[in-house]
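Chemist: Any chance you could fold what I've pasted below:
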Amino acid sequence: MSAELMDEVLFEERASLSGPALGLITLNVEKTLNSLSLNMVDLMLAKLRDWRERSDIAAVFIRGAGPKALCAGGDVQALYRSSLEPAGGPCEYAEAFFEREYRLDYLLHKFDKPVIVWGHGIVMGGGMGIFAAGSYRIVNEKTRLAMPEITIGLYPDVGGSYFLNRMPGSSGLFLALTGASFNAADARYLGLAEAFIESRYADEVLAALTAVPWSTGVADNHERVFDVLRDFGQRSQSAMPEGNVEAAAAEIDAMCAGDDDLAIIERIANAQSANPWLQKAAVALASGSPLSARLITSQLRRCRGLALNAVFQAELVLSTRIIRQGEFTEGVRALLIDKDKTPRWQHSAASEVPAALIEEHFSAPWPENPLQDL
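Modeler: Numbering: from 1, shown residues only. Coordinates of the predicted model:
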């Protein structure tokens, strides 16, 4: 067994009984709930590219350090500092972060070897990008997922424009607009998890994966991972929590009906529901960024049906435009810097956001997309 410590990320090649190793990645910044920095992204990109090519690595397992989170998102404060660079111009760190983060997520989506992601605790924002990209996404009774970007003037990126569009009914649009958190049962319903396994089995799952008789065939190894997870899933069935999304599906679909973005936003924000989870979600949209709400509905519509590489290219355009504006900066200031929780959004309502401003956000700021090679 060999282990390598690189500050923010731990890499280990855990030898199996059959010879080929399990590549183990641990996001290792417990004090920030394993939030992603550019350095962490670069370390993982390099290691995964190496493991992808090596015949002695059979599968990859990704987890977060500590008991609280897989990953709570990107390092928003670092992005905030980058966004303070001169308005309208390049925000060097933030733009490099988005490009390389999307490369990492895309690499994970396209990794041919099994990628098992242990979605324990908080899985939000950038953490959702890593989690959603796994080929075997595991949730447990402590899992809490969300894409809460509307609260800071951003939008659900990291492939959200792809996987949110593939959720049942209008649930993806609703979750994007409200930032509502959801649990393991919801993730299963939404097609975002392959297995529910109780958190107490974490070490046993890893031990079982190192005991697997790995093959030289990638398809065979996928079957072996499936068999291991199925066994632990069967033991865990009684611990599955009660979900919220499926029970609210009819109300969600009614609020999100039609093609009028403003009407959808207003119906959700003004909702009066007897369902407390729905009502809390409505309040979150009502207090979130009106500009983000308009960008979210437009982005999901524009990306519907696109291939994954085209989605990441589109997200890079929108993220680059947003980081050069002031909405994100103000959202982070209010939530995380001054913590007054009273953001001064550029517009008081979604109906006041000019159509020209929306279109500007979808106009590429460079002659060639940096992700054109995906």
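Chemist: Okay, strands next: where are they in the chain?
Modeler: Secondary structure of the chain (DSSP state E): strands at 2-6, 9-15, 21-27, 57-64, 69-71, 115-119, 122-124, 136-139, 144-146, 195-196.
Chemist: neighbouring contacts of the fourth one?
Modeler: Read it as strand 57-64. 13, 16, 20-27, 30, 33-34, 48, 51, 70-71, 111, 113-118, 120-121, 127, 130, 134, 202, 206, 209, 212, 214-215, 221, 225 (C-beta atoms under 8 Å, 6 or more residues apart in numbering). All C-beta spots, glycine's among them, are computed from the backbone N, C-alpha and C.
Chemist: how distant is stretch 316-336 from the center of its chain?
Modeler: The chain centre lies 17 Å from the centre of stretch 316-336; the measure is C-alpha atoms, centre = their mean, to the nearest Å.
Chemist: what about that stretch, start to end distance?
Modeler: The straight-line separation of the ends of stretch 316-336 (C-alpha to C-alpha, to the nearest Å) is 24 Å.
Chemist: ok, residue 115 - contacts?
Modeler: Counted by C-beta under 8 Å, 6+ apart, residue 115 has contacts 59, 60, 62, 108, 133, 134, 135, 136.
Chemist: Next, the contact list for the residue nearest to residue 212 when sequence neighbours are not counted, please.
Modeler: Leaving aside its sequence neighbours, residue 212 sits nearest to residue 224 (C-beta to C-beta, 6 or more residues apart in numbering; 4.9 Å). By C-beta under 8 Å, 6+ apart, the contact list for residue 224 reads 212, 213, 214, 215.
Chemist: Please report how far the last one lies from residue 232.
Modeler: So that's residue 215. Applying C-beta to C-beta, to the nearest Å, the value for residue 215 to residue 232 is 21 Å.
Chemist: and if you look at residue 314?
Modeler: Where residue 232 is concerned, residue 314 sits at a distance of 37 Å (C-beta to C-beta).
Chemist: cool, and residue 122?
Modeler: In terms of C-beta to C-beta, residue 122 sits 22 Å off from residue 232.
Chemist: quick one, which of these two is more surrounded?
Modeler: residue 122 (23 against 18; other C-beta atoms under 10 Å).
Chemist: Report the beta-bridge partners for the more buried one.
Modeler: Applying DSSP bridges to residue 122 gives these bridge partners: residue 69, residue 144.
Chemist: Residue 230: neighbour count?
Modeler: Other residues within reach of residue 230, judged by other C-beta under 10 Å, total 12.
Chemist: oh, I was asking about residue 212
Modeler: With other C-beta under 10 Å as criterion, residue 212 counts 20.
Chemist: what does residue 68 give?
Modeler: Neighbour tally, residue 68, other C-beta under 10 Å: 15.
Chemist: Please apply the same query to residue 169.
Modeler: The number of residues near residue 169, taken as other C-beta under 10 Å, comes to 14.
Chemist: which non-adjacent residue is nearest it?
Modeler: Leaving aside its sequence neighbours, residue 169 sits nearest to residue 253 (C-beta to C-beta, 6+ apart; 4.7 Å).
Chemist: got it, and residue 126?
Modeler: Using C-beta to C-beta, 6+ apart, the nearest residue to residue 126 is residue 74, at 4.0 Å.
Chemist: for residue 57, same thing?
Modeler: Counting by C-beta to C-beta, 6+ apart, the residue nearest residue 57 is residue 51, at 4.3 Å.
Chemist: Surely that neighbour touches residue 23?
Modeler: Yes: in this structure, residue 51 is within contact of residue 23 by C-beta atoms under 8 Å, at 4.7 Å.
Chemist: Can you pick out the residue with more neighbours from the two?
Modeler: residue 23 (24 against 21).
Chemist: quick one: contacts for that one?
Modeler: Contact analysis of residue 23 by C-beta under 8 Å, 6+ apart lists 11, 12, 13, 14, 47, 51, 57, 59, 60, 61.
Chemist: export those residues to TSV and tack on pLDDT and distance to residue 373?
Modeler: Output for these, formatted as TSV (pLDDT from 0 to 100; distance: C-beta to C-beta, whole Å):
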residue	pLDDT	distance to residue 373
11	97	25
12	97	30
13	97	29
14	96	32
47	98	20
51	98	21
57	97	24
59	98	26
60	98	23
61	98	28
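Chemist: And the buried ones among those, selectable in ChimeraX?
Modeler: With 16 or more other C-beta atoms under 10 Å as the criterion, this ChimeraX line picks the buried residues out of the contacts of residue 23:
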select :11,12,13,14,47,51,57,59,60,61
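Chemist: Would you agree the residue nearest to residue 169 is in contact with residue 172?
Modeler: No: using C-beta under 8 Å, residue 253 is not in contact with residue 172, being 11.6 Å away.
Chemist: Contact partners for residue 296?
Modeler: So residue 296 contacts 150, 155, 156, 173, 176, 177 (C-beta under 8 Å, 6+ apart).
Chemist: Serialize the residues you listed to CSV and add fields for pLDDT and neighbour count.
Modeler: Putting these into CSV (pLDDT from 0 to 100; neighbours: other C-beta atoms under 10 Å) gives the following:
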residue, pLDDT, neighbour count
150, 97, 25
155, 98, 29
156, 98, 27
173, 98, 23
176, 98, 27
177, 98, 31
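Chemist: Contact partners for the residue nearest to residue 358 when sequence neighbours are not counted?
Modeler: Once flanking residues are discounted, residue 358 sits nearest to residue 294: 5.5 Å by C-beta to C-beta, 6+ apart. By C-beta under 8 Å, 6+ apart, the contact list for residue 294 reads 261, 265, 350, 353, 358.
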